[in-house]
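Engineer: Quick one: sequence plus predicted model below, questions after.
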Amino acid sequence: MKTQKTLVTRTKLSLTLAFLTVAFASVLSGCTEKSTKTTTNTTTTTKTESSPAKAALVVGFSQIGAESAWRSAETQSIQDEAKKRGITLKFSDAQQKQENQIKAIRAFIAQKVNAIILAPVVETGWEPVLREAKAAQIPVVLVDRGIKTSDETLYSTLIASDFVEEGRMAGQWLIKKMGGTANVVELQGTAGAAPAIDRKAGFQEAIAKSPGMKIIKSQSGEFTRSKGKEVMEAFLKSEGNKIQAVYAHNDDMALGAIQAIEEAGFKPGKDIVVISVDGVKPAFESMVAGKLNSTVECNPLLGPSAFDAIDSLVAGKTLPKKTLVKDQVFDQSNAKEVIASRAY
Ligand code: GYE
């Protein structure tokens with residue numbers, strides 16, 4: 001009896017042990033399965049998200065300000081594109097001051113952002129802060145305006161229009177319109193800014209071929225409508241009837257000048273021919289209304305290419321130093337036809 005009992009107990013014991021072993025094994029295998037799943041999940045996540053590895057990107061954007069319709073369209077494009085790609089964008093508006101941009105870049109570096117987008121207000125004075133970004137291994141993408149530096153390794157790439165060419169196109173259009181002879185007043189952009197320097201140079205180069213084309217006055221209207229109006233009022237006061245054409249480095253200043261011309265009792269677009277650069281919606285409306293004569297487009301929708309560049313840089317690729325945005329000339333002859341299709 002005793003032996004039998006022991007046997008039964010032993011059998012029970014080994015059965016229990018066997019059961020436990022199986023149970024433990026399946027718990028273990030469950031664990032393994034789970035951890036495999038987790039691994040699989042992680043892999044999938046990383047795979048689908050060689051994008052949402054993007055989603056984790058934090059980018060700082062140092063913007064110049066909000067001086068023009070062009071600038072607002074550029075800001076919008078970069079903000080929209082960041083949102084679309086799930087990128088966290090730290091946005092800083094410098095209110096036209098380089099010192100504010102430098103502060104913003106230093107803050108981005110301290111926050112260890114993955115990349116910096118910089119629209120530099122002027123061409124010079126960026127080396128010290130860009131050296132700090134380089135030391136922190138944070139790539140810098142310049143958008144819309146270039147800088148002057150002897151060390152091109154301080155930024156990764158520049159995405160911008162050819163402002164000299166825009167100036168040339170404006171000059172050529174005006175020579176044709178004026179039959180090679182005109183007294184022109186020029187409203188320049190922000191002093192020291194790449195588009196102001198280059199648009200002036202390109203225009204001068206173009207009109208140099210027609211000795212009848214003369215710039216009789218030239219002053220900065222700071223790329224704003226109000227300053228453009230103010231400077232044009234002063235030009236009209238001192239030059240009056242002599243002025244036959246206005247060349248403004250952007251649409252906002254041209255629109256301000258148009259107001260000044262009307263208030264002085266002249267007809268913009270007829271008595272005084274007006275040409276500018278940018279191609280924003282209000283410029284098209286003014287051309288349709290017969291006031292602005294022509295605008296040379298400068299595309300501000302730089303968000304998609306800026307973030308494509310950042311993706312490449314984060315992936316360790318090297319980019320060309322400059323990517324050119326293509327522009328074209330519009331005038332009263334085609335403004336009506338294209339106005340509805342304008343995206344900014
Ligand atoms: O033409 C002007 C703006 O940097 C290209 O800046 C840009 C210029 C643009 O304020 O309207």
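Structural biologist: Good, I have the coordinates.

Engineer: Please list the residues of this structure that sit near the ligand.
Structural biologist: Applying CB under 6 Å from any ligand atom, we find that the chain lies next to the ligand at 67-68, 70-71, 144-145, 195, 223, 250, 252, 277-278, 298. All C-beta spots, glycine's among them, are computed from the backbone N, C-alpha and C.

Engineer: Among those residues, name the ones in strands.
Structural biologist: 277-278 (DSSP state E).

Engineer: Now the two most distant members of the residues of the chain next to the ligand.
Structural biologist: Spatially, the most separated pair among the residues of the chain next to the ligand is R145 and D252, at 16.1 Å (CB to CB).

Engineer: returning to that earlier point: among the residues of the chain next to the ligand, which ones are in helices?
Structural biologist: Using DSSP state H, the members of the residues of the chain next to the ligand that fall in helices are 70-71, 195, 252.

Engineer: neighbour-wise, which of R145 and D252 wins?
Structural biologist: Ranked by neighbour count (other CB atoms under 10 Å), R145 and D252 place D252 first, with 30 against 24.

Engineer: I'd say that one and E222 touch.
Structural biologist: No - D252 lies out of contact with E222 (CB atoms under 8 Å); the separation is 9.5 Å.

Engineer: Now stretch 216-233 - C-alpha only, PDB.
Structural biologist: In PDB, the C-alpha atoms belonging to stretch 216-233 read as follows (Å, rounded to 0.1, in the frame of the first residue of the first chain):
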ATOM      1  CA  ILE A 216      17.900 109.700 -61.300                       C
ATOM      2  CA  LYS A 217      17.200 108.700 -57.700                       C
ATOM      3  CA  SER A 218      17.800 105.600 -55.600                       C
ATOM      4  CA  GLN A 219      17.000 104.900 -52.000                       C
ATOM      5  CA  SER A 220      16.000 102.100 -49.600                       C
ATOM      6  CA  GLY A 221      12.300 101.600 -49.000                       C
ATOM      7  CA  GLU A 222      13.200  98.700 -46.700                       C
ATOM      8  CA  PHE A 223      11.000  96.200 -48.600                       C
ATOM      9  CA  THR A 224       7.900  97.600 -46.900                       C
ATOM     10  CA  ARG A 225       4.800  99.200 -48.400                       C
ATOM     11  CA  SER A 226       4.800 102.200 -45.900                       C
ATOM     12  CA  LYS A 227       8.500 103.000 -46.500                       C
ATOM     13  CA  GLY A 228       8.100 102.600 -50.200                       C
ATOM     14  CA  LYS A 229       5.300 105.100 -50.200                       C
ATOM     15  CA  GLU A 230       7.200 107.500 -48.000                       C
ATOM     16  CA  VAL A 231      10.400 107.400 -50.200                       C
ATOM     17  CA  MET A 232       8.300 107.800 -53.400                       C
ATOM     18  CA  GLU A 233       6.600 110.900 -51.900                       C
END
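
Engineer: Buried residues of it, list them for me.
Structural biologist: Of the residues in stretch 216-233, 216-225, 227-233 count as buried by neighbour count, 16 or more other CB atoms under 10 Å.

Engineer: Okay, strands next: where are they in this structure?
Structural biologist: Under DSSP E, the chain gives strands at 58-63, 88-93, 115-118, 140-143, 157-161, 182-188, 213-220, 245-248, 273-278, 294-297, 322-325, 329-331.

Engineer: Using TSV, lay out those strands together with mean pLDDT.
Structural biologist: Shown next, in TSV, are those (pLDDT from 0 to 100):
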stretch	mean pLDDT
strand 58-63	98
strand 88-93	98
strand 115-118	98
strand 140-143	98
strand 157-161	98
strand 182-188	98
strand 213-220	98
strand 245-248	98
strand 273-278	98
strand 294-297	98
strand 322-325	95
strand 329-331	98
